[in-house]
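> kindly generate the corresponding structure for this input.
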Amino acid sequence: MELKSQWHRLDPDTRRWLMDNPGCVVLPRTIATIVARVADEPVVRDQHGAIQLSAADVSFIRTRVHSAAAGEHRFFDAVQPGSPAPADAGNPDSAESGHLD
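This next block holds a predicted model:
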């Protein structure tokens with residue numbers, strides 16, 4: 001089984017777990033059960049129900065992590081708590097200046 005070909009069939013929580021644990025080379029039984037359930041082909045599991053990921057699977061997960069991080073933009077407001085809203089920032093009648101004292 002190649003994880004890349006099954007990725008679209010995994011639920012978002014399972015995909016998130018895999019991306020949150022990109023160094024994991026042996027999937028725990030709970031995650032392995034989910035992966036085996038959606039797989040198009042038989043999945044080899046060990047005596048504990050775990051799945052050993054291939055180097056290609058680990059590389060694929062790491063690529064997904066890096067591409068998700070690259071597409072993630074965080075924006076931060078320049079306004080401090082308690083300061084006026086940006087529309088009021090230029091208003092001289094505003095009660096607060098927006099500057100920290």
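
> touching, Leu18 and Ala32? I think so.
No: counting by CB atoms under 8 Å, Leu18 does not reach Ala32; the two are 11.3 Å apart. All C-beta spots, glycine's among them, are computed from the backbone N, C-alpha and C.

> neighbour count winner among these two?
Leu18 (23 against 20; other CB atoms under 10 Å).

> quick one, phi/psi of the more buried one?
With angles defined as degrees, to the nearest 10, Leu18 sits at phi -60, psi -40.

> which helices and strands does the longest helix seen in the chain pack with?
Across the chain, the longest stretch assigned as helix under DSSP state H is helix 55-70. The contact analysis (3 or more CB pairs under 8 Å, 6 or more residues apart in numbering; DSSP states H and E) places helix 55-70 against helix 3-6, helix 12-20.

> can you pull the buried residues of that helix?
Asp57, Val58, Phe60, Ile61, Arg64 (16 or more other CB atoms under 10 Å).

> quick check, nearest of those to Arg37?
Closest approach between the buried residues of helix 55-70 and Arg37, by CB to CB: Asp57, at 16.9 Å.

> thanks again, I'm all set now.
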